[in-house]
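Engineer: What would the 3D arrangement of this be:
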Amino acid sequence: LFKKSSGSKTGIDALIHAEAKTISTVTPDGGSIRLHNETWTARSSAGSIPDGSTVTVVRIDGAVAIVTPKLSSHNA
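Structural biologist: Next up is the predicted model:
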């Protein structure tokens, strides 16, 4: 009866490419981020990311967000 719009993502798919903020240092072994006003366990796909950094979610692995540092426009 209800048709989902093909352009809108829901659930985990909606988190991919989302921006988040690190609330602890995030390493390939673990850390924490603030994503959509929730605290998530995270792992870095790009080395150590300091606390307070903006990151991009590249995938979700179970209940863990895999993140990479967000490239700022003035670094390009």
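Engineer: from here on, contacts and neighbour counts on C-alpha atoms
Structural biologist: Will do.
Engineer: Please tell me how far the spatially most central residue of the chain sits from D29.
Structural biologist: Closest to where the C-alpha atoms of the chain average out (C-alpha atoms, centre = their mean) is V57, at 2.6 Å. Per C-alpha to C-alpha, to the nearest Å, V57 is found 16 Å from D29.
Engineer: do the same with A63
Structural biologist: With distances taken as C-alpha to C-alpha, A63 is found 14 Å from D29.
Engineer: Spatially, and excluding backbone neighbours, which residue is closest to L35.
Structural biologist: Residue nearest to L35 in three dimensions, not counting chain neighbours: A20, with 4.8 Å by C-alpha to C-alpha, 6 or more residues apart in numbering.
Engineer: Cross-check the contact I'm expecting between the one you found and V55.
Structural biologist: Yes: applying C-alpha atoms under 8 Å as the test, A20 and V55 come out as touching, 5.3 Å apart.
Engineer: re the thing from before, the residue nearest to the centre of the chain pairs with what?
Structural biologist: Listed beta-bridge partners, V57: V67 (assigned using DSSP bridges).
Engineer: Local confidence estimate at it?
Structural biologist: pLDDT for V57: 98.
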